[in-house]
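> this one's structure only:
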Ligand SMILES: [Zn+2]
């Protein structure tokens with residue numbers, strides 16, 4: 001395999017299955033949740049950043065129009081941040097890599113709304129596309145570090161390196 005030019009996220013098959021199941025269970029609404037993992041240590045200048053997802057935490061979609069948008073339950077978000085803070089220093093340390101959500105009737109790519117909401121620099125967005133209630137593609141994107149830049153496509157790897 002040629003080495004990808006952009007960031008890489010390892011997301012094991014059990015987590016991919018979990019994402020598909022969450023997207024189909026929430027249909028016709030958007031599912032959402034948090035992606036927890038860790039950056040893969042790399043030598044300086046070794047290439048694009050690489051991350052390993054270790055687990056997912058499902059959150060309620062609190063948006064008033066959950067069929068077309070999502071808003072992570074802030075209580076879940078805060079709870080995860082608190083737990084990660086308490087476990088900081090443990091090896092291997094986990095961190096919040098980003099979040100996931102589904103597009104009940106759309107492709108696994110950032111929507112115009114997603115672009116407007118990408119306010120956390122370098123946050124990873126995992127998106128599940130569905131058709132007729134069935135999960136299709138899953139893709140990952142990294143939010144821009146600058147407000148006027150676009151998402152960067154993240155290469156998903158099903159098997160951790
Ligand atoms: Zn979206």
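Nice, I can see it. Just so you know, these numbers come straight off a predicted model, no measurement behind them.

> quick one: the helix or strand of the chain with the lowest mean pLDDT near the ion?
When each helix and strand of the chain is scored by mean pLDDT, DSSP states H and E, helix 112-117 comes last, with a mean of 92. Yes. Judged by C-beta under 5 Å from the ion, helix 112-117 comes into contact with the ion at residue 114. C-beta coordinates here come from the backbone N, C-alpha and C atoms, glycine included.

> what about the strands in this protein?
8-10, 32-39, 50-59, 95-103, 124-131, 134-142, 152-157 (DSSP state E).

> turn those into TSV, including mean pLDDT and distance to the ion.
Compiled in TSV, those are given as follows (pLDDT from 0 to 100; distance: least, C-beta to the ion, whole Å):
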stretch	mean pLDDT	distance to the ion
strand 8-10	96	17
strand 32-39	96	9
strand 50-59	96	14
strand 95-103	97	5
strand 124-131	98	6
strand 134-142	97	10
strand 152-157	96	15
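
> which of those strands sits closest to residue 17?
Closest of these to residue 17 is strand 134-142, at 9.5 Å (criterion: C-beta to C-beta).

> in the closest one, what counts as buried?
Within strand 134-142, the residues that count as buried by 16 or more other C-beta atoms under 10 Å are 135, 138, 139, 140, 141, 142.

> then stretch 107-126?
108, 110, 114, 118, 123, 124, 125, 126.

> share the number of residues neighbouring residue 56, please.
20 (other C-beta atoms under 10 Å).

> look up how far residue 80 lies from it.
With the distance defined as C-beta to C-beta, to the nearest Å, residue 56 ends up 10 Å from residue 80.

> residue 147 now?
Distance from residue 147 to residue 80, by C-beta to C-beta: 25 Å.
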